[in-house]
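S.K.: coords below, sequence missing:
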C-alpha cells in the first residue's frame, strides 16, 4: 500500500459514523419512505444534521445534504461514487446503456460523441420548434378559455414537451407516432418508478415473472424499441441529414478513436433523451404555473419584462439573454421543485464526507430538494422569490447549494436544451395568457424518479387583453 493510500485509509478509519435513526427497523424505514419520503429526509436533516445514516436491509444508506459534501460526491471524488445502484439498474431495463445509466470508459466515450450535439449554437435552431409547438397548444386552449373550462396544465406541459422532443429528435420522420412512443415510454418508466419507490424494491422480484405488470412493461419496451429501430434503419438507408438530433447523433464520431455509434448505442441514447428530455421539463413547467398562480406579484413582474422586451412578438432563442427575470422564475421554480429531486450513487470505496465515515458498498443519496431548502443558506426557503438569482447573489454561497441538473462530469447533458425550452415556453404562454388555479385546488408533490404534481394542476386559462 502506498503512503497516500495508507494516509487515506487511516483517515477513514478514524472518522466516526454519521448519526441517524439507528433504532429504526428496515421495514419501518421502508414504510416511512413509501409514505412520505420527502418529509422523511427533511425531518432527518432537522434531527441529525447534514449527513444522516439509515440502515436498509443489509446495507447502509447515507443522506448527504451539505453542499461541500455534495460537491465531493458529484465532482471532486466522483470516481468513488458510481451509478451501480439498484435504482439505476432498474432504469437500465428501459433506457439501456445511455448517458444516464452507463458507467466507466463506455460512458466517457459516449459523452465525447454526444456532447457536440448539445452545443449552444446547435440548440438555437430548435427555438422556433419550441415556440411554434407552444402556439399550437394555445390554439387548443382557445375553447376552454372561452368556455371557462379548466385544463390540466401538468398534462398539457407533458404533451407539449413530448411534441417538442419528438420534432427536434426525429424531424418529420416519426410524425404523429412520437406520441405513441411517448405513451410506450411512459408505461415503461412508470413501471420502473414502482420498482424503485414502492415496497417491491425491497424484494427485487425478477422482471421475467409472468405478472400482468411485467408483461405490460415488456410489451411496451418491445414496441418502443421496434419504433426506434425502424427510424434508425430508414435514416441510414436514406442518408439524408434532417438537421434534427438524430441526424446529429448519427454524424458524430469519437474524437479519439474515430468510431461511430452502433445502432444499439443510438437506440439507448435516443430512448434516454426522449424519456428524460420531455418529462423533466414538463414537470418543472407544471410547478412553474402553480407557483405563478400562487404568487401574482411575480407573475406581474414577469409579464412586464415580456411586454418590454418582446413588444408582443413571439420570443426567439436570441431574446433569452434579455429575458433575465424569465430565467430567474425558471431557476427559482427548480429550486423549490427540482425535477430530479434526489440523486443516488454507490460508494465504491470508503470515504469521509463532512467528517463522517462513508462505508464502501453503501448507497449515497444527495437531494437537491432538501439542500435547496437548507436554512443555513436560504432565507425563507419555502418562499417563491426569483430575486434570489439576481446577478451574482449566489456567488458567495457554496457551489452545490443549488444543483437542479446534478453536477460534476455527470451533470445533465441536456441542461442547455431544457433551460432554453422552459424559458421559451414560459415566455410564449405568459405574454398571452394567465393561468389561475381552481379555487380550493390542492397540488401535492409525487416524488418518483422525477418530482411530479400527483394529481395534475387544474387551472383556468385567461387571455390577456
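M.R.: Received it, and whenever you're ready, just let me know what you need. Predicted model only: the values in this text are computed from it and were never measured.

S.K.: pretty sure residue 385 is in contact with residue 329, am I right?
M.R.: No - contact criterion CB atoms under 8 Å: residue 385 and residue 329 do not qualify, at 10.3 Å. Backbone N, C-alpha and C define where each C-beta goes, glycine included.

S.K.: So between these two, which is more surrounded?
M.R.: Per other CB atoms under 10 Å, whichever of residue 385 and residue 329 has more neighbours is residue 329, with 28 against 17.

S.K.: thinking again about what came up before, what sits in contact with each of residue 385 and residue 329?
M.R.: Both residue 385 and residue 329 lack any common contact, where contact means CB atoms under 8 Å, 6 or more residues apart in numbering.

S.K.: in the protein, which spans are strands?
M.R.: 51-56, 59-64, 81-82, 151-152, 343-347, 351-353, 356-358, 363-366, 433-437, 445-447, 451-453, 458-463 (DSSP state E).

S.K.: Out of those strands, the one nearest residue 406 is which?
M.R.: Closest approach to residue 406 among these is made by strand 343-347 (5.9 Å; CB to CB).

S.K.: Quick one: list the elements packing against the closest one.
M.R.: strand 81-82, strand 363-366 (3 or more CB pairs under 8 Å, 6 or more residues apart in numbering; DSSP states H and E).

S.K.: now for those strands, which one comes closest to residue 242?
M.R.: So among the helices and strands packed on strand 343-347, strand 81-82 is nearest, using CB to CB, at 35.5 Å.

S.K.: if I look at residue 298, how far off is residue 150?
M.R.: Per CB to CB, to the nearest Å, residue 298 is found 22 Å from residue 150.

S.K.: hmm, back to that, mean pLDDT and distance to residue 243 for the strands of the chain - can I get that in CSV?
M.R.: Shown next, in CSV, are the strands of the chain (pLDDT from 0 to 100; distance: least, CB to CB, whole Å):
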stretch, mean pLDDT, distance to residue 243
strand 51-56, 90, 48
strand 59-64, 92, 42
strand 81-82, 95, 35
strand 151-152, 96, 32
strand 343-347, 94, 33
strand 351-353, 97, 45
strand 356-358, 96, 46
strand 363-366, 96, 37
strand 433-437, 95, 31
strand 445-447, 92, 37
strand 451-453, 94, 32
strand 458-463, 94, 33
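
S.K.: Figure out which of these is closest to residue 165.
M.R.: strand 451-453 (17.1 Å).

S.K.: Would you give the sheet partners of the closest one, along with the direction of each?
M.R.: Its sheet considered, strand 451-453 pairs with strand 445-447 (antiparallel) by DSSP bridges.

S.K.: So which bits of the strand it pairs with are buried?
M.R.: Neighbour-count burial for strand 445-447 flags 445, 447 (criterion: 16 or more other CB atoms under 10 Å).

S.K.: ditto for stretch 263-283
M.R.: Buried residues in stretch 263-283 (16+ other CB under 10 Å): 265-283.

S.K.: Contact partners for residue 264?
M.R.: residue 96.

S.K.: So it versus residue 106, what's the distance?
M.R.: For residue 264 relative to residue 106 (CB to CB), the value is 12 Å.

S.K.: which outside residues touch stretch 123-139?
M.R.: Contact partners of stretch 123-139, identified using CB under 8 Å, 6+ apart, comprise 156, 159-160, 163-164, 167-168, 243, 314-318, 416-417, 420-421, 424-425, 428-429, 432-433.

S.K.: Show me how to select, in PyMOL, the buried members of those residues.
M.R.: To isolate the buried members of the contacts of stretch 123-139 in PyMOL, using 16+ other CB under 10 Å:
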select buried, resi 156+159+160+163+164+167+168+314+315+317+416+417+420+421+424+425+428+429+432+433
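
S.K.: buried stuff in stretch 108-120?
M.R.: So, applying 16+ other CB under 10 Å, buried residues of stretch 108-120: 109-110, 113-114, 117-118.

S.K.: Just those: which are in helices?
M.R.: 109-110, 113-114 (DSSP state H).

S.K.: so can I have TSV of those residues showing pLDDT and distance to residue 340?
M.R.: Shown next, in TSV, are those (pLDDT from 0 to 100; distance: CB to CB, whole Å):
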residue	pLDDT	distance to residue 340
109	90	24
110	91	19
113	87	23
114	89	19
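
S.K.: Specify which member of those residues is nearest to residue 411.
M.R.: Of all these, residue 411 sits closest to residue 114, with 13.2 Å by CB to CB.

S.K.: Residue 362 contacts residue 349, doesn't it?
M.R.: No - the pair residue 362 and residue 349 fails to qualify as a contact (CB under 8 Å) at a distance of 10.5 Å.

S.K.: who's more crowded, the two?
M.R.: residue 362 (19 against 15).

S.K.: Not counting sequence-adjacent ones, nearest residue to the more buried one?
M.R.: Once flanking residues are discounted, residue 362 sits nearest to residue 60: 4.3 Å by CB to CB, 6 or more residues apart in numbering.
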